[in-house]
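In: Structure for the following, please:
(chains A and B)
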Amino acid sequence: MSRAALTLWLTPFLARPIALIGLGVLLVMVFAAIFAPWLAPYDPYAMQPIARLMPPDAAHWFGTDQFGRDTLSRTVYSARMALLIGSGVVFFALVTGVPIGVLSALFPRLGHVLMRMVDVLMAFPSLLLALGLIVILGPSVVNSILAIGIGFMTTTTRIVYGLSLRLRAETYVEAARSMGSGTAWLVFKHILPNLISPLLVQASFVFAFAQLGAASLDFLGLGAPPEIPSWGNMLAESRTFITRASWLLFFPGLMIVLTAFSLNLVGDALRDRLDPRFRDVFGGEG
Amino acid sequence: MWAFALKRAGAMLVTLWAASVIIFAFIHLIPGDPIYVLLGDTATPDQADRLRREMGLDDPIVVQYFRWAGHALTGDLGQSIFFQAPVASVIADGAETSILLATLTMIWVVLIGVPIGVIAAVRQGTWLDQTLSGGAMLMASVPTFWVGLYLILIFAATLGWLPSSGYPSIFEGGLGNLRYLILPSLTLAAPNAALILRLTRASMLDVAREDYVRTARAKGIRPWQVVTRHILRNALLTVVSAFGFTFAALLSEAVVTETVFALPGIGRLVVQSILRRDYPVIQGIILVIVVIYLVINLIVDLTYRYLDPRVELQ
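Out: Residues are numbered from 1 along each chain as shown, chains lettered A, B, ... in the order given. A predicted model of the protein is given here:
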């Protein structure tokens, strides 16, 4: 990336220190996810019957759970699941939403049909849609990604469609078209490059809300298998012990909030840097 | 106006029809013989054969769809495997809790979201606005069940002020039973109040840029009167239309909250039915919620058009 481009991307964060903090938190989360085996003091699966439900102390900073497993280690390992679910859902939403949205804008007849289908899917509240899919597919990590992702596919498609329609009407696109440019040229040369910034904004919001969706599925026992360390699973288990072991409730929840909040801060900062013509598709503030 | 209403209603019916096809397909997409999906694994071959004939599962799928849709139109949503009772009555049993929960939640959402959003907009750019807007973003980033568990820990387990679970009907125990819904409705209100707050603020700022607001100010009308009469009134149009969507969304978001607080509502029924493999109930609830969602959408659209006739057909 050139220096100028780097400065351009960094400006939104420099103008807003709190967004910079958000970015920092996210980098720490990614770091923790990648280097979990070196960072976690214990094996996240190792049970220590002697040390059941121990409050935080020098040996176990975040305490232990009902099986004597180290909460800090499980919390660190859970960052992996958060990263996996988040990137999985973003990937699914983009891979489906971008082609459908762009094609619908370029071919109005096809678009009419496709966008009506998107409307139909949007008649299903996202959590209900996710639960319905889990019933059909069965609970698993991959199926959590699909079930949550389909809700964001519809919103992403809508946004891409709206933006592509506007781009298609731009003078330079019309000029390129009248000079005989093919559809592929228009898409790759004029439309997709202009979608990158707004899609980055959308990706950060999708990543944030995917965390909350996954946590809900895990909490209901319909997400990742219970033995897998994830913040939602940890909270689901903590439920029985909230009065005796409130630390089990505190740390995983805090991680979800920190992650989602940081992503929202970053998304907000990026959105404010967007071309004003594109900003309103996100329904944000003035 | 009438042409608009008819077109919108028509579009809604088309969407509903397409959604109903998906909901019908749901039972057939679950792995396994639909008969055992409907009867449960314990059904005997005799029972299976009888139901297969009764339901005409040997008929072409299109015929089956129209039969199912016809029954649904008359309020017959099939039989619950677990309760051995009509799905419609099982859903009706949970309706009281769900409707009251959603209503209480909406009251919090309006009382918290709108005034604070107005304050944030009026003080745009100040530390107060940044604190309130930041707080709203934080609330939107918190998992509802986490809020719920903390409210239980503080107000039920520690202080003992409010009950932590269940909800006995107000028709049996009187209005005092609403206290069972205070913590759940606050839990559910948190992220939604945050959304309404942000929307109110954004909408106020949008309207504040209009020419007639500048004219009003230029005429020398007192600043607070400009805010209440010129800006707020018009800004509320957008906000009120969002109430409809919020209310409809609450019905499905309540799934998690009702589970945390063990409330006998439709949301918890969904989760329990998934665990019990009571598929007809899940199917029925999805259908009911989608219908409510679409009807509310339609009402919002028409109200909006009535209040602001500039809204054009797409």
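In: Check the secondary structure at residue B:75 for me.
Out: coil (DSSP: H, G, I helix; E, B strand; the rest coil).
In: Could you report the neighbour count for it?
Out: Look at residue B:75: counted by other CB atoms under 10 Å in any protein chain shown, it has 11 neighbours. Every residue, glycine included, has its C-beta placed from N, CA and C.
In: from memory it sits against residue B:91, does it?
Out: No. In this structure residue B:75 lies outside contact range of residue B:91 using CB atoms under 8 Å: 10.4 Å.
In: helices or strands next to the lowest-mean-pLDDT helix or strand in chain B in the packing?
Out: Using mean pLDDT, DSSP states H and E, the weakest-scoring helix or strand in chain B turns out to be helix B:34-39, at a mean of 74. For helix B:34-39, the elements it packs on are helix B:2-29, helix B:45-55, helix B:279-307, judged by 3 or more CB pairs under 8 Å, 6 or more residues apart in numbering or on different chains; DSSP states H and E.
In: Repeat the analysis, applying 6 Å as the threshold.
Out: With contacts taken as 3 or more CB pairs under 6 Å, 6 or more residues apart in numbering or on different chains; DSSP states H and E, helix B:34-39 sits against helix B:2-29, helix B:45-55.
In: Is the longest one positioned near chain A?
Out: Yes. Legend: contact between helix B:2-29 and chain A by CB under 6 Å from any CB of the partner chain is shown at B:15, B:18-19, B:29.
In: what's the average pLDDT for that helix?
Out: In this model, helix B:2-29 has an average pLDDT of 89.
In: on that earlier part again, turn the residues of helix B:2-29 next to chain A into JSON lines, columns for neighbour count.
Out: Output for these, formatted as JSON lines (neighbours: other CB atoms under 10 Å in any protein chain shown):
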{"residue": "B:15", "neighbour count": "20"}
{"residue": "B:18", "neighbour count": "16"}
{"residue": "B:19", "neighbour count": "22"}
{"residue": "B:29", "neighbour count": "15"}
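In: Nearest to residue B:162 among those residues?
Out: Comparing the residues of helix B:2-29 next to chain A against residue B:162 with CB to CB places residue B:19 closest, at 38.1 Å.
In: Okay, buried residues for stretch A:117-125 please.
Out: A:118-125 (16 or more other CB atoms under 10 Å in any protein chain shown).
In: Any stretches of the stretch 51-200 of chain B with poor pLDDT?
Out: Residue ranges of the stretch 51-200 of chain B with pLDDT under 70: B:55.
In: Around chain A, pick out the residues from it.
Out: Within the stretch 51-200 of chain B, the positions near chain A by CB under 6 Å from any CB are B:137-138, B:141-143, B:145-146, B:149, B:153, B:157.
In: redo that, cut-off 7 Å
Out: B:137-138, B:140-143, B:145-146, B:149, B:152-153, B:157, B:198 (CB under 7 Å from any CB of the partner chain).
In: out of everything not next to it in sequence, what's closest to residue B:249?
Out: With CB to CB, 6 or more residues apart in numbering or on different chains as the criterion, residue B:249 has its nearest non-adjacent residue at 5.7 Å, and that residue is residue A:125.
In: and the one you found, what does it touch?
Out: With contact set as CB atoms under 7 Å, 6 or more residues apart in numbering or on different chains, residue A:125 has these partners: B:249, B:252, B:289, B:293.
In: how does it look with 10 Å?
Out: A:131, A:151, B:245, B:248-253, B:255, B:286, B:289-290, B:292-293 (CB atoms under 10 Å, 6 or more residues apart in numbering or on different chains).
In: For the residue in the stretch 1-150 of chain A that chain B sits nearest to, what are phi and psi?
Out: When distances are taken as CB to the nearest CB, the stretch 1-150 of chain A reaches nearest to chain B at residue A:125, 3.6 Å away. Torsion angles at residue A:125 (phi, psi; degrees, to the nearest 10) stand at phi -60, psi 140.
In: Distance of it relative to residue A:139?
Out: Distance, residue A:125 to residue A:139, using CB to CB, to the nearest Å: 19 Å.
In: before we move on, what about residue B:258?
Out: The gap separating residue B:258 from residue A:139 is 20 Å, by CB to CB.
In: go on, residue A:237?
Out: Distance from residue A:237 to residue A:139, counting by CB to CB: 16 Å.
In: Then residue B:260?
Out: According to CB to CB, residue B:260 and residue A:139 sit 19 Å apart.
In: Those two: which is more packed in?
Out: residue B:260 (25 against 19).
In: What confidence value was assigned to that one?
Out: 91.
In: Quick check: which helices or strands does the host helix or strand of residue A:104 pack against?
Out: Element membership for residue A:104, per DSSP states H and E: helix A:71-106. Applying 3 or more CB pairs under 10 Å, 6 or more residues apart in numbering or on different chains; DSSP states H and E, we find helix A:71-106 packed against helix A:17-34, helix A:36-39, helix A:108-122, helix A:141-168, helix A:183-185, helix A:192-219, helix A:231-238, helix A:247-272.
In: Toward the C-terminus, what is the element adjacent to the fourth one?
Out: Meaning helix A:141-168. Next along from helix A:141-168, by DSSP H and E: helix A:171-178.
In: farthest pair in the contacts of residue A:125?
Out: Pairwise distances across those peak at 19.4 Å for A:131 and B:245 (criterion: CB to CB).
In: who's more crowded, these two?
Out: Taking neighbours as other CB under 10 Å, residue A:131 and residue B:245 compare with residue A:131 leading, 25 against 15.
In: what comes up buried for the biggest helix by length in chain B?
Out: Scanning chain B for the longest helix, with DSSP state H as the assignment, gives helix B:87-122. Buried residues in helix B:87-122, defined by neighbour count with 16+ other CB under 10 Å: B:87-88, B:90-91, B:93-94, B:96-98, B:100-102, B:104-106, B:108-110, B:112-114, B:116-122.
In: picking that back up, which among the residues of the stretch 51-200 of chain B next to chain A count as buried?
Out: Buried, going by 16+ other CB under 10 Å: B:137-138, B:140-143, B:145-146, B:149, B:152-153, B:198, out of these.
In: any chance of these in a markdown table, with secondary structure too?
Out: A markdown table is the format used below for these (three-state DSSP):
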| residue | secondary structure |
| --- | --- |
| B:137 | helix |
| B:138 | helix |
| B:140 | helix |
| B:141 | coil |
| B:142 | coil |
| B:143 | coil |
| B:145 | helix |
| B:146 | helix |
| B:149 | helix |
| B:152 | helix |
| B:153 | helix |
| B:198 | helix |
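In: With respect to residue A:97, which of the residues you listed is nearest?
Out: residue B:140 (21.7 Å).
In: pretty sure that closest one is touching residue B:195, no?
Out: Yes. Contact criterion CB atoms under 10 Å: residue B:140 and residue B:195 qualify, at 6.4 Å.
In: Please read off the pLDDT at the residue of the stretch 1-150 of chain A closest to chain B from the model.
Out: Among the per-residue scores, residue A:125 shows a pLDDT of 88.
In: ditto for residue B:227
Out: So residue B:227 comes in at 84 (pLDDT).
In: Tell me who's in contact with the residue nearest to it when sequence neighbours are not counted.
Out: Nearest non-adjacent residue to residue B:227, counting by CB to CB, 6+ apart: residue B:122, 6.0 Å away. Contacts for residue B:122 (CB under 10 Å, 6+ apart) come out as B:128-129, B:201, B:204-205, B:208, B:223-224, B:227, B:231-232.
In: if we can go back for a sec, name the nearest of the buried ones among the residues of the stretch 51-200 of chain B next to chain A relative to residue B:186.
Out: Checking these against residue B:186 by CB to CB gives residue B:152 as the nearest, at 11.1 Å.
In: What is the neighbour count of the nearest residue to that closest one once chain neighbours are set aside?
Out: Nearest residue to residue B:152, sequence neighbours excluded (CB to CB, 6+ apart): residue B:164, at 4.5 Å. By other CB under 10 Å, 20 other residues sit near residue B:164.
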